[in-house]
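heads up, no residue letters with this:
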């Protein structure tokens, strides 16, 4: 297996120009060009992609992925995008592919053995792995409901600065009042009734919560629980994400909808995955 060509820190115009140039030079039409959201996506995907795949980091997250892939300047079936699904149910292009569940981290976390990678590396508490995972998803349900509401209603709610450290009690449970208080401070001047958005009576299965839980929220709450309850040393968010990605495997990837959809799209005429 060869090495993927990776392009980062390019502007929108630079990415489009580069892909257009390479498409024209690809006489045998055997190369694939994938645009992803960011650095973590590159770190995750490159080990599973064939050497004929070139990876581009988007100039602007998921919106940048869509803008580039759908650009009329590089109208080609061999240019595709892979992005977090988040709360998007409207597939704008057959060339845009979503990670399973809400995002990359949730696709990985769905597999118990992958979650066990961070559990045994960082957690020293009393909860069993499956119980801890379910607990984090359940406590984040309040946050996930607000995120989902925000995306679906385009309210531009600000989550930047939200600290789980200040709203998690000694039993690793989220204080609803403190959570809402933080949101109000972060969104002063906006008339949003956060209490009405959060419906704690809405019963959700672990399966459903994987579809609405933000991956960064999951990693951050896991970090706080480890630090508050069971770790002598500070736990680094990037370390957790790194171990989580490294706990994934080719066998898990082959079970994902992402793997099947990308393979079916190219109808096995061009090999994308190296596994």
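Nice, thanks for sending it over. Treat the numbers as computed from the prediction; the structure is a model and nothing was measured.

which secondary structure elements does the lowest-mean-pLDDT helix or strand in the chain contact?
Of all helical and strand segments in the chain, the minimum by mean pLDDT, DSSP states H and E falls on helix 206-210, at a mean of 93. Contact here means 3 or more CB pairs under 8 Å, 6 or more residues apart in numbering; DSSP states H and E; on that basis helix 206-210 packs against helix 129-139. Every C-beta, even on glycine, is put in place using the N, C-alpha and C of the backbone.

helices and strands around the helix or strand just after the helix it packs on, which ones?
Sequence-wise, the next helix or strand downstream of helix 129-139 (DSSP states H and E) is helix 141-153. Packing partners of helix 141-153 (3+ CB pairs under 8 Å, 6+ apart): helix 176-186, helix 194-197, helix 215-225.

any chance of these in CSV, plus distance to residue 12 and mean neighbour count?
Output for these, formatted as CSV (distance: least, CB to CB, whole Å; neighbours: other CB atoms under 10 Å):
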stretch, distance to residue 12, mean neighbour count
helix 176-186, 30, 15
helix 194-197, 34, 14
helix 215-225, 24, 22
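
Ok, which of the ones you listed comes nearest residue 74?
Proximity to residue 74 (CB to CB) singles out helix 215-225 among the helices and strands packed on helix 141-153, at 29.1 Å.

residue ranges for the strands of this structure, please.
Secondary structure of the chain, counting by DSSP state E: strands at 5-7, 32-36, 53-57, 79-83, 96-98.

Could you list every helix and strand in contact with the fourth one?
Just to be clear, that refers to strand 79-83. Partner elements for strand 79-83 (3+ CB pairs under 8 Å, 6+ apart): strand 32-36, helix 61-69, strand 96-98, helix 257-265.

of all those, which lies closest to residue 242?
Nearest of these (CB to CB): strand 32-36, 16.9 Å.

Go ahead and name everything in contact with that closest one.
15, 19, 22-23, 42, 45, 49-50, 52-58, 64-65, 68-69, 76, 78-83, 266, 270, 272 (CB atoms under 8 Å, 6 or more residues apart in numbering).

Parallel or antiparallel, which strands does it pair with?
strand 53-57 (parallel), strand 79-83 (parallel) (DSSP bridges).
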